[in-house]
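Asks: no sequence on this one, just coordinates:
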DNA sequence: ACCTGAACACCGTTCAAGT
DNA sequence: ACCTGAACACCGTTCAAGT
């Protein structure tokens, strides 16, 4: 890669991260190119689709989230590790604008993106451990778990945001019908 | 209202309903105006915002959903009525393109739209009945319930769609942690 | 090999002119 | 009182021309 190409790539990534954080995943691509000081064509050369740019901009974030999951699985009992990680995934989904749809792509049976594969792999680790321990239903796949977590984040987002995450996640974990006990709390 | 104004209003509503069904809530407003045979200004005169048009187009649908809830509350035991209604809300959320964001507005403490108020009122009826009966947690407000249902629909939408609704709704009702029993099935 | 920016198609919204 | 449609601002995407 030529020197100026590499520099443009880096600047685009930096500006894009800021733009997505500020305006969400719908941020103007033209504006990103302008702010990075390159022609719009250059943006499309480096990142042919909005998704590609979004992915590149948040790759580090996603990596950290996956790494954090592995860390928790080493440090805590399976049930607690899973609960805590799901909580952090929800927080990231809401708090980091533009991350939401990206995490949504992880919730498919065969994730098409690198970050999707990574997140799903972490979910699998935490889920199987909790299932072996006996604190999680066996009829639940990693895909189901990620979808439901995405749903909980969406539900919490309809409210004031983070405040509802703990509550709604606990409700998913315990069920909303009467008669269930409360084996694990999400905080 | 002048005769031509009333005719335009009706045509816009008809075309808009079709357009939203076909292209989702982001359907082109300009296209709607063209297909209705009116100038774009006329559309804005009748429906100043996209939301207003969306609401008008789906008002009948929402009314039917609320009415259906009242009907279920008369015909079935509270727990079953609630479960069945939530299932139907999820189906409508996914199946009827453009309805999703509209139902989202019902999930606030003080809904701003007529249809939001209606849906929330139905949710309240079903929820309080189930709580009185003792089959639903007491620490759950109608707003929470609608938000969680919206979340479940979103989760199911990440999959193939309707197929997952029953499963995910049951998981919310029963909880995903081990040790819970299954008092009510959503079908 | 890479970049630029004009050009094109599209969309939402407004408003002066018309009836 | 209501409608029309040109006009404006904006956006995504492509591509001929440049270096």
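Replies: Looks like it arrived, so ask away. Bear in mind that the values here come from a model prediction, so they are computed numbers and not experimental data.
Asks: For the rest of this, base every contact and every neighbour count on C-alpha atoms.
Replies: OK.
Asks: does any part of the helix or strand residue A:5 falls within sit near DNA strand D?
Replies: Assigned by DSSP states H and E, residue A:5 belongs to helix A:3-23. No - Helix A:3-23 does not reach DNA strand D (Cα under 7 Å from any atom of the strand); its nearest approach is 10.3 Å.
Asks: how about that helix: buried residues?
Replies: Of the residues in helix A:3-23, A:8, A:9, A:11, A:12, A:13, A:15, A:16, A:17, A:19, A:20, A:21 count as buried by neighbour count, 16 or more other Cα atoms under 10 Å in any protein chain shown.
Asks: Hmm, residue A:35 and the third one touching each other?
Replies: No - at 9.1 Å, residue A:11 does not count as touching residue A:35 under the criterion of Cα atoms under 8 Å.
Asks: now the helices: where do they sit in chain A?
Replies: A:3-23, A:29-35, A:40-46, A:50-75, A:78-95, A:100-104, A:114-133, A:142-158, A:162-174 (DSSP state H).
Asks: Please identify the most buried of those.
Replies: helix A:142-158 (a mean of 25; mean count of other Cα atoms under 10 Å in any protein chain shown).
Asks: Off-centre distance for that one?
Replies: 10 Å (Cα atoms, centre = their mean, to the nearest Å).
Asks: if we can go back for a sec, residues making contact with the helix holding residue A:5?
Replies: A:26-27, A:32-33, A:35-36, A:38, A:43, A:46, A:53-54, A:56-58, A:96-98 (Cα atoms under 8 Å, 6 or more residues apart in numbering or on different chains).
Asks: now do stretch A:134-150
Replies: Taking Cα under 8 Å, 6+ apart as the rule, stretch A:134-150 contacts A:79, A:86, A:89-90, A:93, A:103-104, A:106-109, A:120, A:123-124, A:127, A:130-131, A:169, B:151-152, B:154-156, B:158-159, B:168, B:176-179.
Asks: mind checking how far it is from the chain centre?
Replies: Worked out by Cα atoms, centre = their mean, stretch A:134-150 lies 16 Å from the chain centre.
Asks: and it, how far apart are its ends?
Replies: 23 Å (Cα to Cα, to the nearest Å).
Asks: And the average pLDDT for it is what?
Replies: In this model, stretch A:134-150 has a mean pLDDT of 94.
Asks: And the pLDDT for the closest residue to residue A:50 other than its chain neighbours?
Replies: Distances taken as Cα to Cα, 6 or more residues apart in numbering or on different chains put residue A:29 closest to residue A:50, at 7.8 Å, once the chain neighbours are dropped. pLDDT, residue A:29: 95.
Asks: and what of the one 4 residues further on?
Replies: Looking at residue A:33, its pLDDT reads 95.
Asks: next one: the one 4 residues further on
Replies: Reported pLDDT at residue A:37 in the predicted model: 94.
Asks: I'd like to know how many residues surround it.
Replies: 13 (other Cα atoms under 10 Å in any protein chain shown).
Asks: Ramachandran angles for it?
Replies: Residue A:37 adopts backbone torsions of phi 70, psi 30, taken as degrees, to the nearest 10.
Asks: separation between it and chain B?
Replies: Using Cα to the nearest Cα, to the nearest Å, we find residue A:37 at a distance of 31 Å from chain B.
Asks: Residue numbers of chain A in contact with DNA strand C?
Replies: A:1-2, A:4-6, A:8-9, A:37-42, A:45-46.
Asks: 10 Å instead, please
Replies: Residues of chain A lying near DNA strand C by Cα under 10 Å from any atom of the strand: A:1-12, A:30, A:33-34, A:36-46.
Asks: The residue nearest the centre of chain A: what's it in contact with?
Replies: Closest residue to the average C-alpha location of chain A: residue A:103 at 3.8 Å, with Cα atoms, centre = their mean. Residues in contact with residue A:103 (Cα under 8 Å, 6+ apart) are A:93, A:116, A:150.
Asks: would you turn the residues you listed into JSON lines with distance to residue B:142?
Replies: Below are the contacts of residue A:103 laid out as JSON lines (distance: Cα to Cα, whole Å):
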{"residue": "A:93", "distance to residue B:142": "24"}
{"residue": "A:116", "distance to residue B:142": "34"}
{"residue": "A:150", "distance to residue B:142": "21"}
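Asks: Domain-wise, how is chain A divided?
Replies: Domain ranges of chain A: A:3-48, A:58-176, per automatic domain parsing.
Asks: Any chance of those domains in TSV with distance to residue B:62 as columns?
Replies: Below are the domains of chain A laid out as TSV (distance: least, Cα to Cα, whole Å):
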stretch	distance to residue B:62
domain A:3-48	29
domain A:58-176	19
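Asks: The nearest residue to residue A:120 once chain neighbours are set aside and residue A:112, how far apart?
Replies: Spatially, and ignoring its direct neighbours in sequence, residue A:120 is nearest to residue A:106 (6.1 Å; Cα to Cα, 6+ apart). Noted for residue A:106: a distance of 8 Å to residue A:112, by Cα to Cα.
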